[in-house]
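S.K.: Pasting a predicted model and its sequence here:
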Amino acid sequence: MLKITAMELGIYFVNCYLIREEASKTCVCIDPGGNADKVLKFLAENDLTLEAILLTHGHFDHVGAVRELAEKTGCKVYLHAADLTLPEKLTAGPLYCTDHYDDGDVLHMAGLTIRVMHTPGHTAGSVCLIVDDTIFSGDTLFCGSCGRTDLPGGDPEAILKSLARLKALDGDYKVLPGHNRATTLAVEREYNPFMKKV
């Protein structure tokens, strides 16, 4: 059973998710936006080992704690390679990663099966991560909205194509975005004005 711990990190209140299979003593961190100490404290208090950091994209507000967490835990860091071309003003310095993933990749970590969907638009390398009935959507899909596309690497046509792919998924999913509140794919299909365009 998927166990999720959510915490808002950094000055931009990024939703960071620590996920694992309930019985697992290893976990995965999605988008540690800042405050590595808070994540490390949670790991220590729950006797957990951080197996990997999975980044939905490379913007600075989502990657702030990556290097410190990686140095202190020795975990791997996954990022779509397309985001390595982002200008450093958007990443707050060179992006750090140890591994790359791409559309259709399947990761087996922390007792979970994690599917990678490449969803460019907010950035060229944006991804959504699908675990069981949950989509970790980063800044691709929000409750009632989608990620901005006016920054370098953004593409309004690409994000509509990415939203169309999400819309076409069979069934319903919980959607846990990179900012603000959770939603469901069924709600977004019906009410999200950007999904109505596709």
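M.R.: Here it is on my side, so go on.

S.K.: Identify each buried residue in the lengthiest helix in the chain, please.
M.R.: Longest helix of the chain, by residue count under DSSP state H: helix 156-167. Neighbour-count burial for helix 156-167, counted by 16 or more other C-beta atoms under 10 Å, picks out A158, I159, L160, S162, L163, L166, K167. Heads up, the C-betas are built off the backbone N, CA and C, glycines and all.

S.K.: burial count for the closest residue to the third one other than its chain neighbours?
M.R.: What sits nearest to L160 in space, not counting adjacent residues and going by C-beta to C-beta, 6 or more residues apart in numbering, is V198, at 5.2 Å. Using other C-beta atoms under 10 Å, the number of residues around V198 comes to 16.

S.K.: For E190, see how far away the most centrally placed residue in the chain is.
M.R.: With distances taken as C-alpha atoms, centre = their mean, the residue of the chain nearest its centroid is T56 (3.4 Å). Distance, T56 to E190, by C-beta to C-beta, to the nearest Å: 24 Å.

S.K.: what helix or strand is the residue nearest to P87 when sequence neighbours are not counted on?
M.R.: What sits nearest to P87 in space, not counting adjacent residues and going by C-beta to C-beta, 6+ apart, is P152, at 5.4 Å. If you go by DSSP states H and E, P152 is not part of any helix or strand.

S.K.: Check R115 too.
M.R.: Counting by DSSP H and E, the element that carries R115 is strand 112-118.

S.K.: and if you look at R189?
M.R.: Per DSSP H and E: R189 is located in helix 185-191.

S.K.: Past that helix, which element shows up next along the chain?
M.R.: The helix or strand immediately downstream of helix 185-191 is helix 193-196, counting by DSSP H and E.

S.K.: Show me the contact partners of that following helix.
M.R.: Contacts of helix 193-196 with the rest of the structure, by C-beta atoms under 8 Å, 6 or more residues apart in numbering, involve L141, G144, S145, C146, I159, L160, L163, L166, K167, E188, R189.

S.K.: And stretch 6-17, by the same measure?
M.R.: Contacts for stretch 6-17 (C-beta under 8 Å, 6+ apart): 4-5, 18, 29-35, 38-39, 42, 61-62, 64-65, 136, 176-180.

S.K.: Isn't S162 up against S126?
M.R.: Yes: contact criterion C-beta atoms under 8 Å: S162 and S126 qualify, at 7.4 Å.

S.K.: and the gap between the residue nearest to L160 and L129?
M.R.: From V198 to L129 the distance is 21 Å (C-beta to C-beta).

S.K.: the helices in this structure, which residues?
M.R.: Counting by DSSP H, the helices of the chain are 36-45, 60-63, 66-73, 88-91, 156-167, 185-191, 193-196.
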